[in-house]
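1. have a look; sequence and predicted model below, questions after that.
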Amino acid sequence: MGAHEGWGAKKERGVNLGMGVLRNELYRDADWLRYKYVEEELSCQGIADLCNCSGRNILNWLCKHGIPRRSLSEARRASWAAGVYDSEETRRRMSEALRARWAAGDLDSEEIRRKMSESTRANWASEEYREKVSDGMRPHLASEEYHRKLSEGAKAKWVSEGYRRKQAEAQESSWTSVEIREKRIEGMRINWMSVEYRRKQAEAMRARWTPEARSKMGEAVRARWAAGVFDSEGTRGKISEAIRAKWAAGDYDDAKRRVPFCEYNGIWFRSTWEVRLAKVFDARGWAWQYEPCRIPYTLDGVDHTYKPDFYVPELDMYFDPHWSFYKDDWHKFRAVREQVGITLVVLDEKLLRAYEGAIALT
């Protein structure tokens, strides 16, 4: 029988504090106090609440009994586990205090950043911690208000030149590490092996890639070109050096990096759909050209160019297999047909299978 099993049977020593309040003095028992503090991981204040005394009194008795005190980080982890910080008011105060320290530059030292980084890595190594974070994030991610606040916070940060500079420096320093690059690449490969992950990514991209979003991105890129952002010798040199380094390292020779592309008859296609349609043309004996030209057209007063996937000279027709359609894709196809006067056939999965079925029957 452990020492703590007899505590319930002991007659509790108590001191009358007046008004009918009895202070439990079980903290004088070293075994009891050690069990509560070490085994149950109660905080000093938690034990003090059990004994109707002050937290300082419990601290004094820990020293008297020679019980080692937990470090500050261990005490905080125990408090989190006990739900001490679960109240909205407590989290708000902690957030305000942390923001004030960041604003004052108290957390800018290299040593503090190193300790915070080590602490974060130690937490993420725990499966239980990752599950708790995931469970806590799910209700937030389903909230439109949460996404709006995230977006506003990110926009407010990017206004600062210093913040953008720090982010660029951190990104550049992290990618100089071969180990970090390999881990990130391996993580992306593992994620993309999951059909569910690819489906979620496609759905998220389709949801974000609205006509308004595409217009904004196009305007931003055009503005950067007009401002000469990409014209500097340094920028072009960095891009060129990075590409040459990848070629020299054989990165483009790795078959795994060409997963999105498919080779057929010596031509690299962008999707398996295009390969399937090329095989249909070959089975019919039709000569074809892959991405033969760019066709200019105007949509909503804005000039665009469109590059069809196939042209069959014998039929004088253009073909474009599409596995998914955005809302304004049909407006684009209609504008190309009407303004240029070409015959354009757009194939979805059903029509492409019908073409293949017709070939199988002949």
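-> Done, it's in.
2. which residue ranges of the stretch 151-300 of the chain form helices?
-> Remark: helices assigned in the stretch 151-300 of the chain by DSSP state H, counting those that start in this stretch are 161-175, 178-192, 195-208, 211-226, 233-249, 272-284.
3. looking at those, which has the lowest confidence?
-> Across the helices of the stretch 151-300 of the chain, helix 233-249 has the smallest mean pLDDT, namely a mean of 69.
4. near Asp320, how many other residues are there?
-> For Asp320, the neighbour count with other C-beta atoms under 10 Å is 19. C-betas here are computed from N, CA, C, even on glycine.
5. A strand includes it, no?
-> Yes: under DSSP: H, G, I helix; E, B strand; the rest coil, Asp320 sits within a strand.
6. these two touch, right, it and Val345?
-> Yes: counting by C-beta atoms under 8 Å, Asp320 does reach Val345; the two are 7.3 Å apart.
7. buried deepest among the helices of the stretch 151-300 of the chain, which one?
-> helix 272-284 (a mean of 18; mean count of other C-beta atoms under 10 Å).
8. contact partners of that one?
-> With contacts defined as C-beta atoms under 8 Å, 6 or more residues apart in numbering, helix 272-284 is touched by 262, 264-265, 267, 269, 287-288, 290, 309-310, 312, 319, 321-323, 347, 352, 355-356, 359.
9. make a ChimeraX selection of the buried ones in these.
-> Typed into ChimeraX, the line below selects the buried ones among those, using 16 or more other C-beta atoms under 10 Å:
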select :262,269,288,290,309,310,312,319,321,322,347,352,355
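10. mind listing which of the contacts of helix 272-284 are in strands?
-> Cys262, Tyr264, Ile267, Phe269, Tyr290, Phe310, Val312, Phe319, Pro321, Leu347 (DSSP state E).
11. which residue in these has the weakest pLDDT?
-> Cys262 (76).
12. so how far is Ala245 from Asp108?
-> Noted for Asp108: a distance of 33 Å to Ala245, by C-beta to C-beta, to the nearest Å.
13. what do you get for Gly357?
-> 47 Å.
14. what sits against the residue nearest to Val346 when sequence neighbours are not counted?
-> Once flanking residues are discounted, Val346 sits nearest to Asp320: 5.1 Å by C-beta to C-beta, 6 or more residues apart in numbering. Asp320 is in contact with Pro308, Asp309, Phe310, Phe333, Leu344, Val345, Val346, Leu347, counting by C-beta under 8 Å, 6+ apart.
15. per-residue pLDDT of Asp320, please?
-> At Asp320, the pLDDT value in this model is 91.
16. so how far is Ser126 from it?
-> Distance, Asp320 to Ser126, using C-beta to C-beta: 50 Å.
17. surely Cys299 meets Trp330?
-> If you look again at residue 299, you'll see it is Leu, not Cys. No: counting by C-beta under 8 Å, Leu299 sits too far from Trp330 to count as a contact (11.2 Å).
18. so these two - more neighbours on which side?
-> Of the pair Leu299 and Trp330, Leu299 is the one with more neighbours under other C-beta under 10 Å, namely 16 against 11.
19. Pro321 versus that one, what's the distance?
-> For Leu299, the distance to Pro321 - C-beta to C-beta - is 21 Å.
20. nearest to Ala213, of the contacts of Asp320?
-> Phe333 (20.2 Å; C-beta to C-beta).
21. domain map for this structure?
-> Domain assignment of the chain by automatic domain parsing yields the ranges 3-81, 180-208, 212-253, 262-361.
22. which one of the ones you listed lies nearest to Arg101?
-> Of all the domains of the chain, the one in closest proximity to Arg101, counting by C-beta to C-beta, is domain 3-81 (15.2 Å).
23. neighbouring contacts of the host helix or strand of Glu131?
-> For Glu131, the enclosing helix or strand under DSSP states H and E is helix 127-141. Residues outside helix 127-141 that contact it (C-beta under 8 Å, 6+ apart) are Asn123, Trp124, Tyr146, His147.
24. which one of those residues is nearest Met205?
-> Nearest to Met205 among the contacts of helix 127-141: His147, at 15.6 Å, using C-beta to C-beta.
25. what about the stretch 51-200 of the chain, any weak spots by pLDDT?
-> By pLDDT under 70, the low-scoring segments of the stretch 51-200 of the chain are 72-73, 75-87, 175.
26. if you set the cut-off to 80 instead, what comes out?
-> Scanning the stretch 51-200 of the chain for pLDDT under 80 picks out the ranges 70-95, 98-99, 101-110, 112-113, 117, 134-144, 147, 168, 170-182, 184.
27. what's the most distant pair in the contacts of helix 127-141?
-> The distance between the two most remote of the contacts of helix 127-141 (C-beta to C-beta) is 24.5 Å, for Asn123 and His147.
28. quick check: Glu89 vs Lys149, distance?
-> Using C-beta to C-beta, Glu89 is found at 18 Å from Lys149.
29. likewise for Glu338?
-> Applying C-beta to C-beta to Glu338 and Lys149 gives a distance of 44 Å.
30. how about Leu42?
-> 35 Å.
31. more neighbours: which of the two?
-> Leu42 (19 against 12).
32. which other residues reach stretch 101-111?
-> Contacting residues not belonging to stretch 101-111 are listed as Ile112, Arg113, Met116 [C-beta under 8 Å, 6+ apart].
33. and these, which of them are in helices?
-> Residues from the contacts of stretch 101-111 lying in helices, with DSSP state H as the criterion: Ile112, Arg113, Met116.
34. ok, and the closest non-adjacent residue to the first one?
-> Residue nearest to Ile112 in three dimensions, not counting chain neighbours: Asp106, with 7.9 Å by C-beta to C-beta, 6+ apart.
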